[in-house]
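Enquirer: The sequence isn't on hand, but the structure is:
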């Protein structure tokens, strides 16, 4: 082996765990506050994630709006109160409750609206997941996962909801456009939790509250509340979280897409021409109509 190859391999291994990134505060009016993360902050290491907002919403904030080329995912935390009313151009009309998840794979185009019910406090993640080019033009579809159907891994020091995908022998919901793992993790003081990561998965880990240390690929990162990091694909291994205080964290993992894309707000396509076509289709009513609110 060329010595330069050995050096390059060592540098890649040492760089498996990314920087620790603090979410940007974001507020809209009086009813919406968030910690915002975008793919630009992570220099491509968030792929296939485009954006994650950790938000609290207490009243109407966003008018009905389109998505295309992505999945728009809402994952309700268990301490959310009241309902989060959803309607979309797939004809779906329902209310999310604490612990539920809704995955809207907008693909070629869909529009939706999400509004807290009166008196509700919606505490959740809003996740935008990129779709590969081969799936960006297909029909929209969705997945609804209710809290009571989510398996839980519970042991001394940790309680983990396997919302999507698999952790060890425990399987959560499937049906996402590409395989995707989402773990909602609670750690007590002194608690640890380990999750196997395959060689083709890239992980994004975020501490909602408390503080944790992430161990992966012989590296460690301290993650205080409101901060996130990544583990890059490239080698099968174990990621481990440990906490000295009560801690709430999430782990999202999927295969990176590695394709170029063009973003225009919530429309993410392979080319600008595709973006223009999507916007014309939406303006012409080709996404369909939203169901009546009540």
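Expert: Right, received. Where do you want to start? Everything numeric in this text was worked out from a predicted model, so none of it was measured.

Enquirer: Phi and psi next, for the residue sitting nearest the centre point of the chain.
Expert: Centroid check for the chain by CA atoms, centre = their mean gives residue 127 as the closest residue, at 3.9 Å. Here the main-chain torsion angles of residue 127 (degrees, to the nearest 10) amount to phi -120, psi 130.

Enquirer: which residue sits closest to it, ignoring its sequence neighbours?
Expert: residue 73 (4.1 Å; CB to CB, 6 or more residues apart in numbering). C-betas here are computed from N, CA, C, even on glycine.

Enquirer: so what's the one you found bridging to?
Expert: residue 103, residue 127 (DSSP bridges).

Enquirer: what residues are up against it?
Expert: 101-104, 125-129 (CB atoms under 8 Å, 6 or more residues apart in numbering).

Enquirer: Now tabulate these in CSV and tack on pLDDT.
Expert: Below are these laid out as CSV (pLDDT from 0 to 100):
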residue, pLDDT
101, 98
102, 98
103, 98
104, 97
125, 98
126, 97
127, 98
128, 97
129, 98
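
Enquirer: can you redo the residues you listed as a markdown table with distance to residue 42?
Expert: A markdown table is the format used below for the contacts of residue 73 (distance: CB to CB, whole Å):
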| residue | distance to residue 42 |
| --- | --- |
| 101 | 23 |
| 102 | 25 |
| 103 | 22 |
| 104 | 23 |
| 125 | 16 |
| 126 | 17 |
| 127 | 14 |
| 128 | 14 |
| 129 | 14 |
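
Enquirer: how long is stretch 242-249 from one end to the other?
Expert: One end of stretch 242-249 sits 11 Å from the other (CA to CA, to the nearest Å).

Enquirer: follow-up on the earlier one: could you check how far the residue nearest to residue 127 is from residue 105?
Expert: Distance of residue 73 to residue 105, given as CB to CB, to the nearest Å: 9 Å.

Enquirer: I'd say residue 206 and residue 54 touch.
Expert: Yes - counting by CB atoms under 8 Å, residue 206 touches residue 54, with 7.1 Å between them.

Enquirer: what is in contact with the two at once?
Expert: residue 23.

Enquirer: how about low-confidence regions in this protein?
Expert: 1-14, 294 (pLDDT under 70).

Enquirer: Could you rerun that using 50?
Expert: 1-13 (pLDDT under 50).

Enquirer: can you map out the helices along the chain?
Expert: 3-14, 272-283 (DSSP state H).

Enquirer: Brilliant, that's me finished.
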